[in-house]
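Colleague: model this:
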Amino acid sequence: MAQTTLSVRMDENVKRQFDAFCDEVGMNASVAVNLFAKAVIRAKKLPFEIAADAALPRGDFRNRSSGQKKALEKFWEGLSDCGPLPPEFDEIMSKRVNITRELDL
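Modeller: This next block holds a predicted model:
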């Protein structure tokens with residue numbers, strides 16, 4: 001099986017805690033991320049619920065750096081190539097954005 005690399009940006013303290021957890025359970029971060037990816041593929045959903053109280057509409061990029069704003073704008077533009085999106089998509093994405101904001105990611 002061919003291998004590839006996935007790069008993820010995260011807070012240094014989160015990485016340190018994640019590495020410590022992985023070490024405690026006898027694996028490294030690469031194994032943990034592979035397990036996560038396989039669980040998502042198998043279940044066709046995230047292995048946990050994502051929820052938030054308030055929704056953030058498309059295009060609301062308050063308090064974001066210019067790089068983050070550009071990335072979000074590019075993301076929304078790319079979705080136009082995907083055709084019609086399910087009605088719950090905006091709500092799900094808004095909740096994800098709020099969670100990201102709360103976690104200061």
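Colleague: look up how far Asp19 lies from Ala32.
Modeller: Per CB to CB, to the nearest Å, Ala32 is found 9 Å from Asp19. To be clear about C-beta, it is placed using only N, CA and C from the backbone, and glycine gets the same treatment.
Colleague: so which helix or strand of this structure has the lowest pLDDT on average?
Modeller: Every helix and strand of the chain was ranked by mean pLDDT, DSSP states H and E. The lowest is helix 66-79, at a mean of 66.
Colleague: domain parsing for this protein?
Modeller: The chain breaks down by automatic domain parsing into domains covering 12-43, 49-105.
Colleague: worst average pLDDT in these?
Modeller: Mean pLDDT is lowest for domain 49-105 among those, at a mean of 63.
Colleague: contacts for stretch 27-43, please.
Modeller: The contact list for stretch 27-43 (CB atoms under 8 Å, 6 or more residues apart in numbering) reads Leu6, Val8, Lys15, Phe18, Asp19, Cys22, Leu46, Pro47.
Colleague: pick out the most distant pair among the residues you listed.
Modeller: Farthest apart among these by CB to CB are Asp19 and Leu46. That separation is 21.7 Å.
Colleague: count of residues packed around Val31?
Modeller: As a burial measure, Val31 scores 12 neighbours (other CB atoms under 10 Å).
Colleague: which SS state does it fall under?
Modeller: helix (DSSP: H, G, I helix; E, B strand; the rest coil).
Colleague: and if you look at the one 3 residues further on?
Modeller: Secondary structure assignment for Asn34 (three-state DSSP): helix.
Colleague: how close does it get to Arg16?
Modeller: Taking CB to CB, one finds Asn34 at 20 Å from Arg16.
Colleague: with Glu49 instead?
Modeller: 26 Å.
Colleague: cool, thanks, signing off.
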